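Student: prediction below, plus the sequence it came from.
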Amino acid sequence: MAAKKQESNSKPKKRNRNPDANANPDSSSSKKPKLVSSKPKNKPVEKVFKPFKKTFGKVKSQSGEEKKTPLSKRERRIHAKELTEARKKRRKQHYTLEQELARLWEKMRQRNIAKEERSKIITEAIQKMKGKIPEIASSHVSSRVLQTCVKYCSQTERDAVFDELKPHFLTFASNKYAIHLVTKMLDNASKKQLAEFISPLRGHVASLLRHTVGSVVIEHAYQLGNATQKQELLMELYSTELQLFKDLAMIKESRLVDVISKLNLQKGSVSRHMTSVIQPILEKGIVDHTIIHKVLIEYLSIADKTSAAEIIQQLSGPLLVRMIHTRDGSRIGILCVKHGSAKERKKIVKGLKGTVGKTAHFQYGSLVLACIVSTVDDTKLVAKTVIRELQTILKELVLDKNGRRPLLQLLNPNCTRYFSPDEMASLSLSISSLNAMGELEVNRETKSLKDEESSDKDNSGRDVTMAEADGSASSETLQLVEGSKKDPSIRRQELLVGSGLAKNLIDMCTENAEELLRSNFGKEVLYEAATGGSGGILQQTLGDELNALHEAIASVAAESKSEGSEKEHVLENFHSSRTIRKLVLDNPAFAATLWKKALSGKCEQWAQGHSSKVICAFLESSDAMVSKLAKEELQPLINRGILKLPEKKQPANEV
């Protein structure tokens, strides 16, 4: 036993060998310290690259046995294509028909094809699709063929397609491919066909508006429909009763407040139903459509303080930028700016970053910008985001009908000469449920505003009020009530002068004086800048720049009159002569500069035509110095009958 035990002890112990040892036989067998590897222990096994599996074809040998030979690349591609075609034929019921339609579509959609040839191809395509249109309309290929057919086919063929699609309109309204066919059908539909399309939508408007694709169809139908059809689409979004009973939805009242009062609906029930409709839409960010803007503006007219504040909080930011291109959307934007908190206003202004120039060119977007520059107290943020972008395109804005409005709002706030009555009403909108909160805050600062607000309150029961904004006092009161604490004159000074906008504007007007004088829209900005703005806000700090602008205008007027030139002189041009006349009446400093540089001793040649109105303006001026300056030279012309004074003095607010 001892010998056996000794023999077992003498056997060398086996140890784990490095698997790489056999691969490298020249390596030394001496022990070396193990190096710690940076790679993880559980290293994933790398898959060995396998080349493309060769496909073999069967070839019979001389002995009669089949022998497999590899196919070429071209043969493999053809084989793979055949397999794909076979798979598509099994999966798609009308795959062969779609291929035929695609070949016809390539011909019919060409621009240089003859009308007769195109009509022939379209007739052939419609005949192939007859009876199968509802089945293939959801295909991304067939739907495009149908769109082209509907666009160019005859009315009889279009009616046949419409009749086949009519039972399936509701299904197609939420299909991402068929939607384009549906909108094309609506564009070419008759009044009867449009009514037949809108009728099946009843009861499904709210659900489709929550759908990204379906909302486009509802918006398209809303835009094409008449007033009654628009009302029909809107009514079921207001209340469950209006959704169930069609007769109730046929009333003529368009405003939600009037509908509630006439039908004796419960305001709380309507508000809850509209909340359930609106919230999913806002959560999905579907806010680009006019029908949604209309629903929101009507909802804010009946919403309580909490609900209205929640809507403003949800919309404040980038969502609002997508809404302000429509009339109701801009009104919602104005309400959000007026009633939003400082944090929400900051989000709105920051959301406009990069889009201010584009927004200023919109008819309704420019109103939102005008509201921002006259409401938001954070002038540093407004100057950094809004004013800075406006400064880069000043000339373009001044010559544009809509782009000049934010500038005019700073130069002469809430002037009815530059804003229509409807636009003034939009700028004066407010939410009564949130106004009450604003009044409490203002009453703590000044008690006198309470009496003015109570006397101006609308007693007709309208919850969205239209405050008068004609006078400066009423506009300041309105801004204070709706959350603006800064004095409007200080805000104007900081945005107009402090930001450098006024200096850049005057310099631009000086360089382009003649072009702006002849422009229908630029002349108004030029006039406001040359007079120093409302209240003379520019005269104290920019007096030298204003004098330079007066000199530039006078220099243009001092140019000699050339009879053979096609270009009218500024004193004879319709727009420029009236602007210069207005400046003579309202700005004595400019009148003196113009007389000395352009008119002194030359009045006789300007005594006829439009230029005579400029000459007569010196005698009509309320400033004694201006009248005395020109009376000695003009009186002999009047006595000789060369210069005729106007029978009636024109109002001072006309340009």
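Tutor: Received, thanks.

Student: do a quick rundown of the helices in the stretch 301-450 of the chain.
Tutor: Along the stretch 301-450 of the chain, the segments classed as helices by DSSP state H, counting those that start in this stretch run 305-315, 318-321, 327-339, 342-351, 356-360, 365-373, 379-382, 388-391, 394-398, 405-411, 421-427, 432-445, 448-456.

Student: of those helices, which is nearest Leu256?
Tutor: Across the helices of the stretch 301-450 of the chain, the minimum distance to Leu256, taken as Cβ to Cβ, is reached by helix 327-339, at 12.6 Å. Backbone N, C-alpha and C define where each C-beta goes, glycine included.

Student: angle of the closest one against helix 365-373?
Tutor: Using axes from the mean of the first three to the mean of the last three Cα atoms, to 10 degrees, the inter-axis angle of helix 327-339 relative to helix 365-373 is 0 degrees.

Student: so, low pLDDT: which residues of this structure?
Tutor: Per-residue confidence for the chain (pLDDT under 70) gives these ranges: 1-68, 85, 88-93, 243-253, 436-483, 563-565, 646-655.

Student: the helices of the stretch 301-450 of the chain into a markdown table, with extra columns for mean neighbour count?
Tutor: Conversion of the helices of the stretch 301-450 of the chain to a markdown table gives the following (neighbours: other Cβ atoms under 10 Å):
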| stretch | mean neighbour count |
| --- | --- |
| helix 305-315 | 18 |
| helix 318-321 | 20 |
| helix 327-339 | 25 |
| helix 342-351 | 18 |
| helix 356-360 | 20 |
| helix 365-373 | 26 |
| helix 379-382 | 18 |
| helix 388-391 | 18 |
| helix 394-398 | 20 |
| helix 405-411 | 26 |
| helix 421-427 | 17 |
| helix 432-445 | 16 |
| helix 448-456 | 13 |
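
Student: and the ones you listed: which comes nearest Ala227?
Tutor: Judged by Cβ to Cβ, the one of the helices of the stretch 301-450 of the chain that comes nearest to Ala227 is helix 327-339, at 15.1 Å.

Student: can you put the helices of the stretch 301-450 of the chain in CSV and add distance to Ala529?
Tutor: Converted to CSV, the helices of the stretch 301-450 of the chain look like this (distance: least, Cβ to Cβ, whole Å):
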stretch, distance to Ala529
helix 305-315, 35
helix 318-321, 29
helix 327-339, 26
helix 342-351, 25
helix 356-360, 17
helix 365-373, 16
helix 379-382, 20
helix 388-391, 14
helix 394-398, 9
helix 405-411, 7
helix 421-427, 22
helix 432-445, 33
helix 448-456, 33
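
Student: nearest to Glu219, out of these?
Tutor: Of all the helices of the stretch 301-450 of the chain, it is helix 327-339 that lies closest to Glu219, at 12.6 Å by Cβ to Cβ.

Student: elements contacting that closest one?
Tutor: Contact here means 3 or more Cβ pairs under 8 Å, 6 or more residues apart in numbering; DSSP states H and E; on that basis helix 327-339 packs against helix 290-302, helix 305-315, helix 318-321, helix 342-351, helix 365-373, helix 421-427, strand 429-431.

Student: what does that helix contact?
Tutor: Under the criterion Cβ atoms under 8 Å, 6 or more residues apart in numbering, residues 290, 293-294, 296-297, 300, 308-309, 312, 315-316, 320, 323-324, 344-345, 348, 364-365, 367-368, 371-372, 375-376, 426-427, 429-431, 434, 438, 482-483 lie in contact with helix 327-339.

Student: Leu194: what secondary structure?
Tutor: When states are read from DSSP: H, G, I helix; E, B strand; the rest coil, the local structure at Leu194 comes out as helix.

Student: gap between the spatially closest residue to it that is not a sequence neighbour and Glu106?
Tutor: With Cβ to Cβ, 6 or more residues apart in numbering as the measure, Leu224 is the residue that lies nearest to Leu194, at 6.1 Å, once sequence neighbours are left out. From Leu224 over to Glu106 the distance is 31 Å, taken as Cβ to Cβ, to the nearest Å.

Student: likewise Leu170?
Tutor: When distances are taken as Cβ to Cβ, Leu170 and Glu106 turn out to be 32 Å apart.

Student: more crowded one of these two?
Tutor: A side-by-side neighbour count of Leu170 and Glu106, using other Cβ atoms under 10 Å, places Leu170 first with 15 against 11.

Student: how about the more buried one, what does it touch?
Tutor: Counting by Cβ under 8 Å, 6+ apart, the residues that Leu170 touches are 200-201, 204.

Student: let's go with 10 Å and repeat that
Tutor: 197, 200-201, 203-204, 208, 214, 217 (Cβ atoms under 10 Å, 6 or more residues apart in numbering).

Student: confirm it sits in a strand?
Tutor: No - going by three-state DSSP, the assignment for Leu170 is helix, not a strand.

Student: in the stretch 1-150 of the chain, which spans are helices?
Tutor: Here the stretch 1-150 of the chain has its helices, by DSSP H, counting those that start in this stretch, at 2-10, 73-91, 95-108, 115-129, 133-136, 142-152.

Student: any idea which of those is most buried?
Tutor: Of all the helices of the stretch 1-150 of the chain, helix 142-152 carries the top mean neighbour count, a mean of 21, counting by mean count of other Cβ atoms under 10 Å.

Student: moving C-terminal of that one, what's the next helix or strand?
Tutor: Helices and strands here follow DSSP states H and E; after helix 142-152, the next one along the chain is helix 155-165.

Student: restrict that next one to CA atoms and write it as PDB.
Tutor: Output for helix 155-165, consisting of C-alpha atoms alone and laid out as PDB, is shown next (Å, rounded to 0.1, in the frame of the first residue of the first chain):
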ATOM      1  CA  GLN A 155     -67.500  64.500 -65.500                       C
ATOM      2  CA  THR A 156     -69.400  61.300 -66.300                       C
ATOM      3  CA  GLU A 157     -66.300  59.200 -65.500                       C
ATOM      4  CA  ARG A 158     -65.700  61.200 -62.300                       C
ATOM      5  CA  ASP A 159     -69.300  60.600 -61.200                       C
ATOM      6  CA  ALA A 160     -68.900  56.900 -61.700                       C
ATOM      7  CA  VAL A 161     -65.800  56.800 -59.500                       C
ATOM      8  CA  PHE A 162     -67.600  58.900 -56.900                       C
ATOM      9  CA  ASP A 163     -70.500  56.500 -56.800                       C
ATOM     10  CA  GLU A 164     -68.200  53.500 -56.200                       C
ATOM     11  CA  LEU A 165     -66.300  55.300 -53.500                       C
END
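
Student: quick one, it and helix 115-129 angle?
Tutor: Taking the same axes, to 10 degrees, helix 155-165 and helix 115-129 form an angle of 20 degrees between their directions.
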